[in-house]
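Engineer: no sequence on hand, only this structure:
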């Protein structure tokens, strides 16, 4: 699973590099990058927080 996440992040970074080095207007590239970052933040931050919450409850309840 870890390699899948690393691969996904690598593809996203490479896609942004390709977008920024293309002949796309800079303001459009900036807007798309900000939209992408906001979207990933909206998805990943709550998932991370729920994982932390679940781990805390699992530890408190004796691992069960």
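Structural biologist: Structure received. Note that the structure is a prediction, hence the values are computed from the model and not measured.
Engineer: okay, CA-based contacts and neighbour counts for the rest of this
Structural biologist: Noted.
Engineer: quick one: contacts for residue 29?
Structural biologist: 19, 20 (CA atoms under 8 Å, 6 or more residues apart in numbering).
Engineer: residue numbering should commence at 187 henceforth.
Structural biologist: In the new count, where the first residue is 187, that last one comes out as residue 215.
Engineer: pull the distance from whichever strand or helix holds it to the chain's centre.
Structural biologist: Applying DSSP states H and E as the criterion places residue 215 in helix 212-246. On the basis of CA atoms, centre = their mean, to the nearest Å, helix 212-246 sits 6 Å off its chain's mean C-alpha point.
Engineer: what do you get for stretch 208-222?
Structural biologist: Using CA atoms, centre = their mean, the offset of stretch 208-222 from its chain centre is 18 Å.
Engineer: same question for stretch 194-206.
Structural biologist: Here the centre of stretch 194-206 is set off from its chain's centre by 12 Å, with CA atoms, centre = their mean.
Engineer: averaged pLDDT, it. What do you get?
Structural biologist: Averaged over stretch 194-206, pLDDT sits at 92.
Engineer: how about residues contacting that stretch?
Structural biologist: For stretch 194-206, contacts defined as CA under 8 Å, 6+ apart pick out 212, 215, 219.
Engineer: buried set for it?
Structural biologist: By neighbour count on 16 or more other CA atoms under 10 Å, the buried set for stretch 194-206 is 202, 205, 206.
Engineer: okay, and which of the residues you listed map to helices?
Structural biologist: 202, 205, 206 (DSSP state H).
Engineer: could you check how far residue 201 is from residue 187?
Structural biologist: 21 Å (CA to CA, to the nearest Å).
Engineer: go on, residue 226?
Structural biologist: Distance from residue 226 to residue 187, by CA to CA: 18 Å.
Engineer: show me which of the two is the more surrounded one.
Structural biologist: When residue 226 is set against residue 187 and neighbours are counted by other CA atoms under 10 Å, the residue ahead is residue 226, at 11 against 6.
Engineer: residue contacts, that one?
Structural biologist: With contact set as CA under 8 Å, 6+ apart, residue 226 has no partners.
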